[in-house]
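**Student:** Predicted structure and sequence below. I'll ask about it afterward.
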Amino acid sequence: MLPPELPALPALTRAEGELIDRYLEVLDLVGRINPARSRDTYSGLRAAQALVTKSAALRDALNRMHTRGETEIHAATLARALRILDGERRAGRIAVPPKPPN
């Protein structure tokens with residue numbers, strides 16, 4: 001049996017696709033650094049070191065969009081793409097976990 005097929009991504013420009021990819025990479029790294037969810041300092045340190053490079057790539061993606069004249073962000077379309085790419089779960093790793101019941 002095949003796994004269920006994911007919904008199709010909305011039509012994105014190459015620059016928008018790169019923006020989404022770089023954003024999710026940064027999001028994943030910040031989630032790994034989150035001290036409320038970490039297990040050891042080494043993995044957080046490695047993620048923080050990688051964050052420098054990935055943040056620069058995100059900045060460059062936004063700069064390319066702006067330089068190419070793509071000055072408007074189509075938030076609803078990009079939000080749809082983020083949801084399809086599991087952005088909500090990935091963003092949840094940044095938040096402080098809920099307080100356990102007493």
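**Tutor:** Looks like it arrived, so ask away. In this text the structure is predicted, and so the values were computed from the model without any measurement.
**Student:** Ala81 - how many residues pack around it?
**Tutor:** Number of residues near Ala81 (other C-beta atoms under 10 Å) recorded here: 20. (C-beta placed from N, C-alpha, C; glycine too.)
**Student:** what's near enough to touch it?
**Tutor:** Counting by C-beta atoms under 8 Å, 6 or more residues apart in numbering, Ala81 touches 9-10, 12, 16, 20.
**Student:** now, which of those sits nearest Arg64?
**Tutor:** When those are compared for distance to Arg64 (C-beta to C-beta), Glu16 wins out at 10.6 Å.
**Student:** and Pro3, what element?
**Tutor:** Pro3 is part of no helix or strand, with elements assigned from DSSP states H and E.
**Student:** related to what we said a few turns ago, for the contacts of Ala81, give me TSV that also has secondary structure and distance to Ile33.
**Tutor:** Putting the contacts of Ala81 into TSV (DSSP: H, G, I helix; E, B strand; the rest coil; distance: C-beta to C-beta, whole Å) gives the following:
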residue	secondary structure	distance to Ile33
Leu9	coil	28
Pro10	coil	30
Leu12	coil	28
Glu16	helix	26
Ile20	helix	21
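**Student:** now, which of these sits nearest Arg80?
**Tutor:** When those are compared against Arg80 (criterion: C-beta to C-beta), the nearest one is Pro10, at 5.1 Å.
**Student:** okay but the closest one is in contact with Arg80, surely?
**Tutor:** Yes: with contact defined as C-beta atoms under 8 Å, Pro10 counts as touching Arg80 (5.1 Å).
**Student:** which SS class is Val96?
**Tutor:** Three-state assignment for Val96 (DSSP: H, G, I helix; E, B strand; the rest coil): coil.
**Student:** Who are the contact partners of it?
**Tutor:** 34, 36.
**Student:** ok, so what distance separates it from Leu62?
**Tutor:** Using C-beta to C-beta, to the nearest Å, Val96 is found at 28 Å from Leu62.
**Student:** Give me the buried positions along the longest helix seen in the chain.
**Tutor:** In the chain, taking DSSP state H as the definition, the longest helix is helix 41-67. Residues 44, 47, 50-51, 54, 58, 61-62, 65 are the ones in helix 41-67 that count as buried (16 or more other C-beta atoms under 10 Å).
**Student:** Perfect, I'm done here.
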